[in-house]
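J.: return atomic coordinates for the entry below.
(chains A and B)
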Amino acid sequence: MPIKNIMKRWLVLVPMMFFSVQFSSSAWFTLGLNGGYRVLNDPVLGEIYGDGYVYEPYIRYSVPRLLTLELAYEGGYKKSGPVGLFQEDSTLNVSGLQLAAVVPIPILRIQRVSTYFKVGIAYYFYKQDIDSEFVRQKVDHTKWTTVIGVGMSLHLFRGLFLTAEYKSIPLRVKPFDIQVDLGGSRILFGIGYQFWL
Amino acid sequence: MTKTKLIRAIFLIVFLSICITGGFSQRDEKISLRMHRSFDRNEQGEKFVAWIYFRDKGPGKLQKMEETRLTLNTKSLNRRLRHGFEDLVDEYDLPVYQSYLNLIEPYVHKIRHQSRWLNAVSVEATRQSLEMISTLRSVKKVDEVQIYTYSDPVVEPETEPASKTLLAGTFAFDYGASFAQVDQLNVPPLHDLGFSGNGVLVCMLDDGFNNLGHQSLDHIDIVATWDFVNGDPRVFDEEGQMGNGNHGTRTLGTIAGFQPGQLIGPAYGASFLLGKTENSESERHIEEDHWIAGAEWADTLGADIISSSLGYRDQFSQGEGDYSWQDMDGETTVVARGANIAASRGILIVNSAGNEGRSQSGLNTLVSPSDSDNVLAAGAVNPEGNRANFSSIGPTADGRIKPDLMAMGDPVYSASPNGPAAYELVDGTSFACPLVAGVAALILEINPSWTNQDVMEAMKATASESESPDNLNGWGIVDAQKAAAYPLKSIHPPKDFAVFRIPNDYGFFFQFVDQLTWKANPQNGGQVNSYRVYGKQLDTQDQSFTLITEVDSQTFSILKRGLLEGETYLYKIISVNASGDESDPNYTLR
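T.: Next comes the predicted model:
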């Protein structure tokens, strides 16, 4: 079975199993919003569109002593630049859904501060619009990939906390003849709120 | 020494250093990179064959032009008049300035040829001498004389072609075994009407001409001969001299042989100049300065047509000093430049396309000067009209369609150098070339007012693939009868119509842009009002041309955008005058 299909199934099955088995009063949710800066690895597209800002709303579902699952959406990277021989106006839009397991790694013994590591899968959308009557190919594609990251949270009061996170998402795509690296690292800062149901 | 004196001395040393190094660098700039490479490859004291180009032709141009006019023969002057050469001579016709020659003479071992067209002399000299010569103010450039090779013709065992008996009696002459090669070009109907190239002067540039007493050659009106390799008028093999003239016997037999029942060439009634310009020793190498000298000689004596089976192969001289496929742009090689000047004087040049076949890289395998837009490059086909595998292909490095025309070359029946009544079958574009040149001679005989460009236009417009030329067969197989009767238009297509495909990188994918370029045709004068450019995609169902754009007469380039890899387009361009009359099309393919 292709890896893509396996990943698709996991994206649906894992949260369902997790929620059905572990939904109990001991579990809690987190809602949060991160914002930050992402790097665009591809040297050619990097010249045209460059790095850019992203935002990332997310929801976490945590079961104590077991696992925290995070479902996030990354958006905001929509950048314009002149492309090709004739420097035609164009826009590149990259966004994605991420499903990751967040694992605490208690390396810092500081009160109210927690550190974590996350690993997961992501489904990315990328689209290039070129303002030219001569362009006959359309870039509007998707790609499965992985996501890894590390972060730290500073818990304030009543479930409110601040985060700083570093994430790396590889995203090598080849919609036509050329392989392009839309991946890159992200530095994100944000705020979150934990609550019990 | 006082401090002031010391400072002055330092300044003097610096000043002298600048002067000396400046002088040397100027000298070095004049010696071409190719010449430098040749110096590096060879030992000190060895002789080199080099072109020495001069800055100008000295003082008193007007008087010299008047004197030069008197040296041109009537035929040459008439040809120039026919081609609209109002002043009859120009600076190209002036000889190399004698005082400049006097300056270099003491340094060189031998002056081989003077070229008035290139304003240069080819010399044999040592490296030290050439370096010394390069410091002279009158010297513009020192470059290596390039050496080409050509493929030996394949002599096949003599067989009895089927056409000999099948079609005997259809025409006035019995063409014998040569029937297929002239019938394919539709030559016999013109022979039946009494045309044979009479009054047309054809210059054959080849490696020498043996066995001129052959039964099919002894009727030929040979106006002049010259051996440019050995510097004497004898163009046949001589003891102790360089060269082997068998190739020329075969090409001459192909164009002008006349022995009913055996061999009849298309232009058996033409007059001929025979120039031995190729030193076909064991390596069969030929040097470009001989060819240039031969072409200038042909011009002076009034030749209407030059038929040359010159070839080029880039493996010669370890490949370092040679021209590459990228130089096959019709303007880079010395012979192409010479051919362009010859064509500007009204001479029609037909050259073999080459016997290099198709390269694995898909790049052109042309030989020069067949890469010139002013030269008809003749490719070879077999009796069924299919391209011979060895026949070289285009496009030129600047994107023009080549070869131009096809004629039989696989095989051709011709006079053999091996006996007064011997014949043989030979292969090669070398033999397609004289067949095409022979047809051109017939057309000129029938249409004596036509220019060389008119003849080229008519031959292309009436050839078998004139509606869809390509880089394998060009415009296709010549049709002599149709070309001779072709109604020329009052306006002519632009020249040098070429296409370059440029990649357009959009980040995720490439598209391509075809840059189409052309040049004004001097024959049109100022009568062009606009150019219409059409295109058709060859790999689709719709095979009709669509108008891409119409541009004014001062525009010589357009872009066709939005192309995908692998899409092949045939473009055509037409000149339009103020009355709306259209020229014949010129084509290019990508």
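
J.: now the terminal residues of stretch B:178-190, how far apart.
T.: Across its full length, stretch B:178-190 reaches 16 Å between end residues, using C-alpha to C-alpha, to the nearest Å.

J.: now swap in stretch A:128-136 and tell me
T.: End-to-end for stretch A:128-136, by C-alpha to C-alpha: 12 Å.

J.: so which residues of chain A form strands?
T.: Under the criterion DSSP state E, chain A contains strands at A:28-38, A:52-63, A:67-83, A:88-104, A:113-130, A:139-155, A:160-169, A:172-173, A:180-181, A:184-196.

J.: okay, now the spatially closest residue to residue B:332 that is not a sequence neighbour: neighbour count?
T.: Leaving aside its chain neighbours, residue B:332 sits nearest to residue B:323 (6.9 Å; criterion: C-beta to C-beta, 6 or more residues apart in numbering or on different chains). (C-beta placed from N, C-alpha, C; glycine too.) The number of residues packed near residue B:323 is 21, by other C-beta atoms under 10 Å in any protein chain shown.

J.: surely residue B:323 touches residue B:335?
T.: No - using C-beta atoms under 8 Å, residue B:323 makes no contact with residue B:335, being 9.6 Å away.

J.: between those two, what contacts are shared?
T.: residue B:368 (C-beta atoms under 8 Å, 6 or more residues apart in numbering or on different chains).

J.: buried stuff in stretch A:97-114?
T.: Buried residues in stretch A:97-114, counting neighbours by 16 or more other C-beta atoms under 10 Å in any protein chain shown, are found at A:97, A:98, A:99, A:100, A:101, A:102, A:114.

J.: may I see the buried residues of the helix or strand encompassing residue B:101?
T.: Using DSSP states H and E, residue B:101 falls within helix B:98-104. Counting neighbours by 16+ other C-beta under 10 Å, one finds that the buried residues in helix B:98-104 are B:100, B:101, B:103, B:104.

J.: what helices and strands are in contact with it?
T.: Counting contacts by 3 or more C-beta pairs under 8 Å, 6 or more residues apart in numbering or on different chains; DSSP states H and E, the secondary-structure elements packed against helix B:98-104 are strand B:110-115, strand B:120-126.

J.: and residue B:404, how far is that from chain A?
T.: Separation of residue B:404 from chain A (C-beta to the nearest C-beta, to the nearest Å) stands at 32 Å.

J.: distance of the residue nearest to the spatial centre of chain B from chain A?
T.: Nearest to the geometric centre of chain B sits residue B:369, at 3.2 Å (C-alpha atoms, centre = their mean). Residue B:369 is 34 Å from chain A, where distance means C-beta to the nearest C-beta.

J.: what helix or strand does that residue sit in?
T.: Residue B:369 belongs to no helix or strand when assigned by DSSP H and E.

J.: residue in the stretch 251-400 of chain B nearest to chain A?
T.: Proximity to chain A, evaluated over the stretch 251-400 of chain B using C-beta to the nearest C-beta, is greatest for residue B:399 at 17.5 Å.

J.: where's that residue, which helix or strand?
T.: Going by DSSP H and E, residue B:399 is not part of any helix or strand.

J.: just say helix, strand or coil for the nearest residue to it once chain neighbours are set aside.
T.: Leaving out its chain neighbours, the residue that sits closest to residue B:399 by C-beta to C-beta, 6+ apart is residue B:498, at 3.8 Å. Under DSSP: H, G, I helix; E, B strand; the rest coil, residue B:498 falls in the strand class.

J.: what's the answer for the one 10 residues further on, then?
T.: The assignment at residue B:508 comes out as coil when based on three-state DSSP.

J.: can you report how many residues neighbour residue B:295?
T.: Using other C-beta under 10 Å, residue B:295 has 29 other residues around it.

J.: thinking again about what came up before, quick one: the helix holding residue B:101 to chain centroid distance?
T.: Mean-position distance between helix B:98-104 and its chain equals 30 Å (C-alpha atoms, centre = their mean, to the nearest Å).

J.: what's in contact with it?
T.: Identification of contacts with helix B:98-104 by C-beta under 8 Å, 6+ apart yields B:52, B:54, B:58, B:111, B:114, B:121, B:123, B:133, B:136, B:138, B:139.

J.: residues contacting residue B:567?
T.: B:512, B:537, B:539.

J.: dump the residue contacts of the nearest residue to the last one once chain neighbours are set aside.
T.: Meaning residue B:539. Of all residues not flanking residue B:539 in the chain, residue B:568 sits nearest, at 5.7 Å (C-beta to C-beta, 6+ apart). Listed by C-beta under 8 Å, 6+ apart, the contact partners of residue B:568 are B:537, B:538, B:539, B:589, B:590.

J.: could I get those residues as CSV with neighbour count and secondary structure?
T.: Below are these laid out as CSV (neighbours: other C-beta atoms under 10 Å in any protein chain shown; DSSP: H, G, I helix; E, B strand; the rest coil):
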residue, neighbour count, secondary structure
B:537, 14, strand
B:538, 14, coil
B:539, 8, coil
B:589, 19, strand
B:590, 23, coil
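
J.: residue of the stretch 1-150 of chain B closest to chain A, please.
T.: At 31.1 Å from chain A, residue B:33 is the closest residue in the stretch 1-150 of chain B, using C-beta to the nearest C-beta.

J.: excluding covalently adjacent residues, which one is nearest to residue A:197?
T.: Nearest one to residue A:197, counting by C-beta to C-beta, 6+ apart, is residue A:29 at 6.6 Å.

J.: quick one: that neighbour from residue A:196, how far?
T.: Using C-beta to C-beta, to the nearest Å, residue A:29 is found at 8 Å from residue A:196.

J.: so who does the residue nearest to residue B:517 when sequence neighbours are not counted touch?
T.: Excluding the flanking residues, the one nearest residue B:517 by C-beta to C-beta, 6+ apart is residue B:557, at 4.7 Å. Contact partners of residue B:557, counting by C-beta under 8 Å, 6+ apart, are B:515, B:516, B:517, B:518.

J.: any idea how far the second one lies from residue B:496?
T.: Just to be clear, that refers to residue B:516. Separation of residue B:516 from residue B:496 (C-beta to C-beta): 11 Å.

J.: the residue nearest to residue B:399 reaches residue B:398, doesn't it?
T.: Yes - assessed by C-beta under 8 Å, residue B:498 is found in contact with residue B:398 at 4.9 Å.

J.: what does chain A have sitting close to chain B?
T.: By C-beta under 8 Å from any C-beta of the partner chain, the part of chain A that sits against chain B consists of A:42, A:44-45, A:48, A:83-86, A:90, A:92, A:128, A:130, A:133-137, A:139, A:173, A:175-178, A:180.

J.: from those, list the buried ones, please.
T.: Among those, the ones that count as buried by 16+ other C-beta under 10 Å are A:42, A:45, A:48, A:83-84, A:90, A:92, A:128, A:130, A:134-135, A:137, A:139, A:173, A:175-176, A:180.

J.: excluding sequence neighbours, find me the nearest residue to residue B:462.
T.: Residue B:462's closest residue in space is residue B:482 (C-beta to C-beta, 6+ apart), at 3.8 Å.

J.: and that neighbour, how many residues sit next to it?
T.: Counted with other C-beta under 10 Å, residue B:482 comes out at 16.

J.: so it is in which element?
T.: Short version, using DSSP H and E: residue B:482 is in helix B:480-484.
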